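Trainee: Sequence and predicted structure are below.
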Amino acid sequence: MIQRIQTVWLLLASLTVLLLFLFPYLQYFDNFGTAMAVKITGIYQGVSDGVIQTESFILQTIATVLVSLLPLVIIFYFRDRKKQLQLSYLNFALIILLGIWLYFSASQATEVVNKKLHLENIGIGALLIPIAAVFILLAIKGIRKDEKLIKSVDRLRG
């Protein structure tokens, strides 16, 4: 079966998760008024010379890369829609777990400087996780629609 709209949704989900490398998911000022940004790769501090990394998140970076590559792998399972559907559900769960992990790492970063996690501190990256989850759900809907179409065609043939 030729892939249809779910390929686009899976590509968009992958790109959305990859955008986490560009945008911070938390921005705040520490007790000394220094701008801080929490990204997937670590915590960055703005100084007069530029930006320096104060803490590294290696595991979070690896997990983000894996979660972003999974939709690209799912695309190539177009001949096995059941496997494609299972992997899409798995990817949805992994995106949700990544979002929870990002939330906890953001709240830990703000606890270090005795700040509370407020809505004005949330960066663009925090919005990318729910958007990627919606793209995966739309892909699941497309895969189910294809499965239903194939079953109806088989019923007409048989």
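Mentor: Here it is on my side, so go on.
Trainee: ok, the residue lying closest to residue 96 once chain neighbours are set aside - contacts?
Mentor: Spatial nearest neighbour of residue 96, excluding adjacent residues (C-beta to C-beta, 6 or more residues apart in numbering): residue 133 at 6.4 Å. No exception for glycine: its C-beta is placed from N, CA and C like everyone else's. Contact analysis of residue 133 by C-beta atoms under 8 Å, 6 or more residues apart in numbering lists 92, 95-96, 99.
Trainee: ok, of the residues you listed, which one's closest to residue 31?
Mentor: residue 99 (27.9 Å; C-beta to C-beta).
Trainee: could you point out which element follows the helix or strand where the closest one lies?
Mentor: Here residue 99 sits within helix 81-112, counting by DSSP states H and E. Later in the chain than helix 81-112, the nearest helix or strand by DSSP H and E is helix 125-157.
Trainee: Quick check: mean pLDDT of that next one?
Mentor: For helix 125-157, mean pLDDT is 89.
Trainee: relative to helix 81-112, how tilted is that helix?
Mentor: Counting by axes from the mean of the first three to the mean of the last three C-alpha atoms, to 10 degrees, helix 125-157 points 170 degrees away from the direction of helix 81-112.
Trainee: Report the buried residues of helix 125-157.
Mentor: Residues 125-126, 128-129, 132-136, 138-140, 142-143, 146 are the ones in helix 125-157 that count as buried (16 or more other C-beta atoms under 10 Å).
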